[in-house]
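> no sequence for this one, just the structure:
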């Protein structure tokens, strides 16, 4: 048993979890600096556990967006977890425990389960990441309170920096890069004329061409495989 905790699997899972915890510190500090109650910030990490969607929700609320627009935008970001959950269905436990396991589905746990051995890898990283993210959020909330004026410390820069770090690996793909540029262009063009939060939702229109291209590619593959 002792040797298991010294394996590369455990080492890599802890590294990913600790990295998530560091981002959680940034989230806790940024969310608290916007004026959200500390208990709501902590509750969001426990209940949502969505990383990018939590950052986006806080940013939109802080910019004056309506609650409905902010929540819809955050939900759209989290829709990606639906197909990811199907991808790791075989690594999830049966019965009621599956509902708890679904809460641990993240980009990292899915990648870990697919490449590092299934159920054990998923459970190990899922629990570690959830714990580190929430501990990090708590540390960020406490740090924000101790710092006082977080704007003077430049904590607000943590939000765009964290989001940029999350999306940079995906931008290596040319189609993703084109979609991202189109979405940014739509959001920037709409910002002067639309209420806060709405330009972000409008930028989702850029996903349309990419989705159509994906459907065409899958249809072509199906036709080639069919007898």
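Structure received. Just so you know, these numbers come straight off a predicted model, no measurement behind them. Numbers count the residues shown, from 1 in each chain.
> how far away is residue 113 from residue 123?
Applying Cβ to Cβ, to the nearest Å, the value for residue 113 to residue 123 is 9 Å. In short, each C-beta sits where N, CA and C put it, glycine included.
> again with residue 57
Relative to residue 123, and taking Cβ to Cβ, residue 57 is found at 27 Å.
> out of these two, name the residue with the larger neighbour count.
The neighbour comparison of residue 57 against residue 123 (other Cβ atoms under 10 Å) goes to residue 57, with 24 against 19.
> what's the burial count for residue 172?
8.
> now do stretch 43-58: everything it contacts.
20, 23-24, 27-28, 30-31, 34, 36, 70-71, 73-75, 77-78, 103-104, 106, 130, 133-134, 137, 159, 162-163, 166, 200 (Cβ atoms under 8 Å, 6 or more residues apart in numbering).
> now for the biggest helix by length in the chain, which elements pack on it?
Counting by DSSP state H, the longest helix found in the chain is helix 119-147. Here helix 119-147 touches helix 8-33, helix 38-47, helix 97-102, helix 107-115, going by 3 or more Cβ pairs under 8 Å, 6 or more residues apart in numbering; DSSP states H and E.
> how big is the angle separating the second one from helix 119-147?
This points to helix 38-47. 170 degrees (axes from the mean of the first three to the mean of the last three Cα atoms, to 10 degrees).
> and the next helix or strand past helix 38-47?
Downstream of helix 38-47, the next assigned helix or strand under DSSP states H and E is helix 52-62.
> pull out the buried positions in the helix or strand that contains residue 84.
Assigned by DSSP H and E, residue 84 falls within helix 81-87. Buried positions in helix 81-87, judged by neighbour count with 16 or more other Cβ atoms under 10 Å: 81, 84.
> what sits up against that helix?
92, 102, 105, 106, 107, 110, 114.
> quick one: which of those residues has the most company?
Counting neighbours by other Cβ under 10 Å, the top entry in the contacts of helix 81-87 is residue 105, with 24 neighbours.
> that residue reaches residue 91, doesn't it?
No - Residue 105 lies out of contact with residue 91 (Cβ atoms under 8 Å); the separation is 9.9 Å.
> circling back: report the angle between the longest helix of the chain and helix 107-115.
Going by the same axes, to 10 degrees, helix 119-147 makes 160 degrees with helix 107-115.
> now do helix 119-147 against helix 8-33, angle only.
Counting by the same axes, to 10 degrees, helix 119-147 lies at 30 degrees to helix 8-33.
> same question for helix 119-147, mean pLDDT?
Mean pLDDT, helix 119-147: 87.
> and that helix, how far out from the chain middle?
13 Å (Cα atoms, centre = their mean, to the nearest Å).
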